[in-house]
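Enquirer: Take this sequence and fold it.
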Amino acid sequence: MFSKYLVKEGAILKSFNDKKKYKLITLINGLRALLICDTSFSQHDRSPSPSTCSEATQDDKSEMSDDDVSVEEQMKGKKICGAALSVRVGTLNDPINIQGLAHLVEHVIFMGNKDYPEENSFDAFLNRKSGYVNAQTDYENTVYEFQVPNRYLQESLQRFAAIFISPLFRESSVQNEIRPVDNEFVNSLGDDDLRAESLLASLTQPGHDLSKFSFGNVKSLIDLPKAEGIDLNQAIKNFWSTHYHASNMNLVVQGEHDLETLEKWVTEYFVDIPSSKETYQPPMSQVNDTNNFPYAESKFCRLFYIEPVASGDYFYINFWLPPKFNCYKSKPLSYFGSLLGHEGKGSLFSILKKRGYALEIIAGNHENGFDANCFQALFSIQIKLTPLGLENLDSIVDYIWSFIDSIKTHGPQSEHLEEDMAIRLYSFAFANEKSGCRNCVKIARNMTKYDTEHILTGSKLLFEIDKDKIQSVLPYLSPDRANYIVFSKKLFAKKDLPIETEQWFGTKYKTTDTPTRWIMFKKPQDFDAEVHFPLVNDFIAHNFEVLHSEVTDYPKCISETHCWRLWFKEGTKYEVPKVCVKMIFRSPLARSNPQISAALELYIRALVMKAEEDVYPASIAGLDYNVGLHDSGLYLSFSGFSDKVSKFVQLIVNHLVTLDFDEDIFSNIRRDLCDEYYNSFTDSSELSASIRLSILKPNFAPPYVKRIFLPNLTREIVISAGRQLLANSFLECFVTGNITSTQALSIVEQVSSTARFAPLFQYSTIQDRACQLPPGHHICRVLSFSKEEKSSTIVNYYQFEPVDFKTGVINELLNSTMSEQLFDTLRTQEGLGYEVYANHQQTYGIGGLTVTVVSNAEKFDCSYIDDRIEAFLAKFSSTLVKMSEDEFDELVNGLLKMKSAPFLTLNEESKFFWGEILERRYMFDKRQKEIAALTELTLSEFITWSYLHLLDTSHRKKLSIQIVANGSKALEESLAIESNPFISPITDPNDVSSGIVDCECISESSSSKISNISKIDEDFLKNHDCSHLLKSNKRPIEEEDQVYILKHLAPKTAKSGAKLIVDIEEFKRYLPIYPKIRKINR
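Expert: Numbering: from 1, shown residues only. The predicted model follows:
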């Protein structure tokens, strides 16, 4: 089987479809390097890639998505060079008295070296070249990566190597970087999975390496070492000299240059990394045998109730297995994960869902980090519970143990294993191309885990079927050896047990012995009749023939009726037997009001749940679909092997059109969506985006508003909303890939025939419009909805004007040139937060730029952060006007290279063209026009435009969104507005002052101190004209039905000339609207 789809290049096994050339070398200092010459650079067309992605072009995101696209996101899907260096050192190597040291070293190592002493000099260099750099510390490895256009690869490698040859580790740099490390930890405090992981780590034997605190914070890196008289700076240098030697490193470089050139550069630049005669030894802690149980058994094999931060109830079962089961050739844990996590007919999940107990299931081992290392292979079953499931944990446990018992009884299933082997093989053989950087990172990690032959295939293929190895896992999957965790605010409060607190994350939990009832489980009576192993998968592809047809540059409209329009792009330049099919049922109903929007989201959620069992086999076989709500309708997106994609499309459309569901399903999905809304608006970053879009988009409904309507939606309303949209819509489709125009037309005709919708005439003339902000400085400050949120989020949005090709690329250049300076100033030097970044924006064609800072609310208030952003912009202004022609050319060339990079995959290409169709722009040659605009742009035009639109405070339009978290500094500087006495009646339609007040008008006498209570009682609702919601609510108000309303705040210190937004709807009601007429160009 393997010989047909795999070939060897030297010692390395690769796909027969992989055109890249590989060479593995070892330098004299011991560093291993894999060199990759990507010959597909010259084989693919040189069409440039899109530079940005508006909120609606990302069809895999929700309707709330905007075009907040980082450099990393922009470069995904593009043919860009990259490199990654993996160092075999991580959290497990931290000294027990300086926990988080490996993570700190990862930060500080960028803060200057002998050849380039400036802090963040590599980041600054890459930023100028439209590249980026990143790093990540894991338990056993630390990986450094960068990506850059090919033209700058040589100099990038030279600078990259210098980081590891002679880092300076200045004391000032160390102290500065502790702040972002601490901020990174503070930002992660609300992550329930990380909280659970930290709790599990605390259950290990005293002093065990797995117990170490991976993030590091001020306490672990400053306070505790200082108490022991430890010199932190010297400890960093010792750690580096011990672990950062060449024989401990694996380098991967991917570029367009030939292998000989890459080898020359790598040898020249990396040979001076210090070597060591010692061979790598994994940390062994205080145990001599890594197959020994690392936990204190009396602590691990118990039941834990955790008070979660997020809304929703989950049930985890964790099993410890020795690391010998991290064996990649036979993948025994993957076998159990594929059975226990299966979502098709007859599966464990199927019966749990049928009983109304579960919404999601995941099972398996994550193959890295805490779950897979030299001390353990942790296997987990994770179930998202319904309210009924939370009440029936005994029954859920019975089904789980009965299923595992069935696996024991029937033994390893040959058919399932052989099917898995085949799917893995052809999925790898025809896998989508990865970006240079992502590919390098993956391989660099693999080089420490797999034999040389399998560094490309080790994580993907099933090389052998080892039934004995599979059988040997079973003794570890027993009820008395398991760790049980229930995430539930309700059960946590209900259980009469002592409250305990985990040391680092402060996680509150209660624990008790595993119930005897769970260990002595009972097989449910319906188990044998309802549950079985997976059936034969009908979606496995068999025809992998690639069509040979003329490759066209752009989509063409090949068919149009009064009901639908079909765009088609033929050609198979990616040489894979895959197809992308995208469609949208356009209807104004999609954004008519928040209630309908919420109803349609429930309809979509019901579709996903009802289709789940039929879809799961297709997803295993390499077919994928996505469904969601867009501003202009309901969209569907399909991708996968051309042999089965038509059948797959018809399956989903049938479910969509005939969708029906009972009250139990409706109750569960409504509760689940309620939790999702809650988790969205209790995240400060997502809340800030919601507020900004609420102000800029006339019809945008944020999650906290849509959640108000959920309790009153019925099953009948939801079904009616979905069917009305489908019955009165205009279908627009795009098909591309390994398919003929005749086949594409057949797919659309089938969809049209199945949907049987009435035509919606002239819908293409409907306008998407954005609100025009008035000149000046406007502040919208609100209290975070989450008491657990410790990081405030400040997003300063500067609105520009409708973008054309020239102003669009100017905005990108402006963002590019200021990003590194912003990061260095506010994050590195001033330590204001871990997340500091700028992004260029397009909202319905209106340009803008955001500056975001996420800061520790205990240390900083929002006014101070806002002032520091403005101080930076003032300083940046003087830097900008001094820019030389050479610096400008360098900036422009970097962006040109990035835009000129070919697409990586059919999926990425289709996403770009679909974005143009989805937004009804139809400018398929946009990239070429952007490049033309860039080449014609002058330095004078760039500086003049940037100054007028961003840096000239007398003319710009600024909106500062400030989410105040639960921290003393941020709260003390804010005043709660008890009512809105400052809003005067509207007398002039042209007056945009409604809903705002001068900051100087707010005083402590007209406000009050803040109590961090976000749930609003009934009296508050009545005072805010929401009493109709209460009157129409026939059911008792439960916790999930509570209404959440923005609590507007005011800065304690008045800002001269600033206007405070105290009512968003009133503020934007009479704002001017930018018109945007959509025209079709065929």
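Enquirer: what's the helix ranked longest in the chain packed up against?
Expert: When the chain is scanned for its longest helix (criterion: DSSP state H), the result is helix 594-620. On a contact count with 3 or more CB pairs under 8 Å, 6 or more residues apart in numbering; DSSP states H and E, helix 594-620 meets helix 348-354, strand 624-630, strand 633-641, helix 645-657, helix 663-681, helix 703-709, helix 715-727. To be clear about C-beta, it is placed using only N, CA and C from the backbone, and glycine gets the same treatment.
Enquirer: mind listing what's buried in that helix?
Expert: 594-607, 609-620 (16 or more other CB atoms under 10 Å).
Enquirer: How about stretch 725-745?
Expert: The neighbour-count check on stretch 725-745 (16+ other CB under 10 Å) flags 725-739, 741, 743-745 as buried.
Enquirer: I'd like the distance from it to the chain centre, please.
Expert: 29 Å (CA atoms, centre = their mean, to the nearest Å).
Enquirer: Okay, now the unreliable bits of the protein?
Expert: Within the chain, the set of residues satisfying pLDDT under 70 comprises 1-2, 41-79, 277-291, 759-767, 978-1041, 1076-1082.
Enquirer: domains of it?
Expert: 24-42+70-270, 297-412+466-530, 556-765, 774-905+920-977+998-1010+1047-1062 (automatic domain parsing).
Enquirer: And the ones you listed: which comes nearest Arg438?
Expert: Arg438 lies closest to domain 24-42+70-270 among the domains of the chain, at 7.6 Å (CB to CB).
Enquirer: end to end, how far does the closest one reach?
Expert: Using CA to CA, to the nearest Å, the end-to-end distance of domain 24-42+70-270 comes out at 15 Å.
Enquirer: Torsion angles phi and psi at Asp405?
Expert: Per-residue torsions, Asp405: phi -60, psi -40 (degrees, to the nearest 10).
Enquirer: Would you map the helices across the stretch 851-1000 of the chain?
Expert: Assigned by DSSP state H, counting those that start in this stretch, the stretch 851-1000 of the chain shows helices spanning 862-881, 885-900, 906-918, 926-936, 939-946, 968-972.
Enquirer: Same list (those) but as JSON lines, adding distance to Tyr678 and mean neighbour count.
Expert: Shown next, in JSON lines, are the helices of the stretch 851-1000 of the chain (distance: least, CB to CB, whole Å; neighbours: other CB atoms under 10 Å):
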{"stretch": "helix 862-881", "distance to Tyr678": "23", "mean neighbour count": "17"}
{"stretch": "helix 885-900", "distance to Tyr678": "38", "mean neighbour count": "18"}
{"stretch": "helix 906-918", "distance to Tyr678": "29", "mean neighbour count": "22"}
{"stretch": "helix 926-936", "distance to Tyr678": "38", "mean neighbour count": "17"}
{"stretch": "helix 939-946", "distance to Tyr678": "40", "mean neighbour count": "17"}
{"stretch": "helix 968-972", "distance to Tyr678": "22", "mean neighbour count": "19"}
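Enquirer: Of all the ones you listed, which one comes closest to Phe304?
Expert: Closest to Phe304 of the helices of the stretch 851-1000 of the chain, according to CB to CB: helix 968-972, at 30.7 Å.
Enquirer: That closest one: how far from the chain's middle?
Expert: Put simply, helix 968-972 sits 30 Å off its chain's centre (CA atoms, centre = their mean).
Enquirer: now swap in stretch 81-99 and tell me
Expert: 23 Å.
Enquirer: And it, end to end?
Expert: Stretch 81-99 has an end-to-end distance of 35 Å (criterion: CA to CA).
Enquirer: what comes up buried for it?
Expert: Of the residues in stretch 81-99, 81-94, 98-99 count as buried by neighbour count, 16+ other CB under 10 Å.
Enquirer: which one of those sits closest to Phe293?
Expert: Checking the buried residues of stretch 81-99 one by one against Phe293 (CB to CB), the nearest turns out to be Leu92, at 16.9 Å.
Enquirer: Check whether the closest one really touches Tyr139, as I assumed.
Expert: Yes: contact criterion CB atoms under 8 Å: Leu92 and Tyr139 qualify, at 5.2 Å.
Enquirer: re earlier: adding distance to Thr452, write the domains of the chain out as CSV.
Expert: Putting those into CSV (distance: least, CB to CB, whole Å) gives the following:
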stretch, distance to Thr452
domain 24-42+70-270, 7
domain 297-412+466-530, 13
domain 556-765, 27
domain 774-905+920-977+998-1010+1047-1062, 26
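Enquirer: Out of the ones you listed, flag the one nearest Asn432.
Expert: Evaluated over the domains of the chain, closeness to Asn432 peaks at domain 774-905+920-977+998-1010+1047-1062, with 4.2 Å, by CB to CB.
Enquirer: Provide the contact partners of the helix or strand encompassing Arg445 at residue level.
Expert: Per DSSP states H and E: Arg445 is located in helix 436-446. Contact with helix 436-446 is made by 34, 36, 38, 75-76, 79-86, 141, 143, 145-147, 250-255, 368, 434, 454-456, 458-459, as judged by CB atoms under 8 Å, 6 or more residues apart in numbering.
Enquirer: What subset of the residues you listed is buried?
Expert: Buried subset of the contacts of helix 436-446 (neighbour count, 16+ other CB under 10 Å): 34, 36, 38, 75-76, 79-86, 141, 143, 145-147, 250-255, 368, 434, 454-456, 458-459.
Enquirer: Out of those residues, which sit inside strands?
Expert: By the criterion of DSSP state E, membership of the buried ones among the contacts of helix 436-446 in strands covers 34, 36, 81-86, 143, 145-147, 250-255.
Enquirer: Quick check: the residue nearest to Glu858 when sequence neighbours are not counted vs Ala857, distance?
Expert: Distance criterion CB to CB, 6 or more residues apart in numbering; nearest residue to Glu858, sequence neighbours excluded, is Gly967 at 4.0 Å. Gly967 sits at a distance of 2 Å from Ala857 (criterion: CB to CB, to the nearest Å).
Enquirer: Show me which of these two is the more surrounded one.
Expert: Ala857 (25 against 22; other CB atoms under 10 Å).
Enquirer: Pull the contacting residues for that one.
Expert: 789-792, 964-971.
Enquirer: of those residues, closest to Arg517?
Expert: Checking the contacts of Ala857 one by one against Arg517 (CB to CB), the nearest turns out to be Glu789, at 37.9 Å.
Enquirer: How much space separates that closest one from Val309?
Expert: Here the criterion is CB to CB. By it, Glu789 lies 9 Å from Val309.
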